[in-house]
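Sequence plus predicted model, see below.
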Amino acid sequence: MKKEDIFALQQLLATPKKIAIIPHRSPDGDAMGSTLALYHFLLKLNHKPTVIAPNDFPNFLAWLPGSETVLIYENDKANCAQIIKEAEIVFTLDFNALHRTGEMEQVLNKVTAPMVMIDHHQKPDHYATFTYSDTIFGSTCEMVYNFITFLGNKDLIDKTIATCIYTGITTDSGSFRFPSTTGTTHRIVADLVDLGIDNSEIHNQIFDNNSFDRLQLLGRALQNMKVFPEYKTAYTTLTQKELDEFHYVKGDTEGVVNYGLTIKGIHFAAIFIEHKDENIIKISFRSQGNFDVNQFARDHFNGGGHINAAGGKSYESMKETIKKFEKLISKLTI
Ligand code: 5GP
Ligand code: MN
């Protein structure tokens, strides 16, 4: 972060303020972990922070300290819009383009208070007054740790804040296995563990939280998988009917895309999930190595993300979407 930005933010945060903190739509472990870490930190500085998520967060994150205070825009639009309007600072975390908040974009577009972006995705938009954006980081949570440190408040990071930060670092690094995991990441995690977090229990909360339905749905996705060794690609699909069959709830399809990559020789994996209520096919892409799924998602499927993890959507039918995808992969060099 630029020195003058840190100084300006120290000035802004020197007196108690109403502060809105916004994660992206369909918030994941990093989005919830980073917003709640910042929430607890700002509380300690005597501010009045509110985390407002565009839509609900998955159940496997509902144990996060402070998650019970999170407002869901979709469920309470007028109140949430009012809080954002009255906020004296608006933080946007774990995304870098306002459309990632869905309908909330209209409210955020009207914000006149200073905005702060903390994010690790590629190609940030320029809406924020203060932008801390760097793709070198594996998670926004790691950046929130740095942000608090830059402000000179590292000593305020307690077990609660550490728990939130640890959650996002863990989920966004695939439990410390993705290439973005650095020595610095581990040193930060060491600090967090020393603060007394229950790291093993956090893993249990996040990963050993399956319903039987969710496992059955995973089983279906694995059975539906198509593998193209010649293109180093595997993809799978889940239709709305299949989601319904296993009583899909938000979060159930999280991580399913990664199974494709566990096949020997497969470097590109995708999952296509039909959401009839929104009339879209939601797509997740993952790669191993140099194939840039962020670019692929941007070029062909109205999306974006990172080099090795991206998402997008299709407004065509499942059949048409798959046809398009199969045609595309036959021309790729992975
Ligand atoms: P996931 O596949 O887990 O939904 O998302 C993987 C990554 O891609 C995340 O970092 C997420 O922010 C990004 N991403 C997912 N969907 C979209 C999308 O529709 N548009 C953009 N720009 N990024 C996305
Ligand atoms: Mn993230």
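Everything's here; your move. Numbering: from 1, shown residues only. Ligands and ions are numbered 1, 2, ... in the order given.

measure residue 242 to ligand 2 for me?
28 Å (CB to the ion, to the nearest Å). C-beta here means a position set from N, CA and C on the backbone, and glycine is covered the same way.

Compute the distance between that residue and residue 176, please.
32 Å (CB to CB, to the nearest Å).

of the two, who's got more company?
Between residue 242 and residue 176, counted using other CB atoms under 10 Å, residue 242 has the larger neighbour count: 17 against 13.

so where do the helices sit in the stretch 1-150 of the chain?
Assigned by DSSP state H, counting those that start in this stretch, the stretch 1-150 of the chain shows helices spanning 3-12, 29-44, 77-86, 105-109, 140-150.

right, so these: which one is the most enclosed?
helix 29-44 (a mean of 26; mean count of other CB atoms under 10 Å).

ok, it near ligand 2 or not?
Yes. Counting by CB under 5 Å from the ion, ligand 2 has neighbours in helix 29-44: residue 30.

What helices and strands are in contact with that helix?
strand 18-22, strand 48-53, strand 89-93, helix 140-150, helix 159-172 (3 or more CB pairs under 8 Å, 6 or more residues apart in numbering; DSSP states H and E).

Make TSV out of these and add mean pLDDT and distance to residue 110.
Converted to TSV, the helices and strands packed on helix 29-44 look like this (pLDDT from 0 to 100; distance: least, CB to CB, whole Å):
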stretch	mean pLDDT	distance to residue 110
strand 18-22	98	13
strand 48-53	98	14
strand 89-93	98	11
helix 140-150	98	24
helix 159-172	98	28
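
would you turn those into JSON lines with distance to ligand 1?
Below are these laid out as JSON lines (distance: least, CB to the nearest ligand atom, whole Å):
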{"stretch": "strand 18-22", "distance to ligand 1": "14"}
{"stretch": "strand 48-53", "distance to ligand 1": "14"}
{"stretch": "strand 89-93", "distance to ligand 1": "11"}
{"stretch": "helix 140-150", "distance to ligand 1": "10"}
{"stretch": "helix 159-172", "distance to ligand 1": "8"}
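
Alright, I will stop here.
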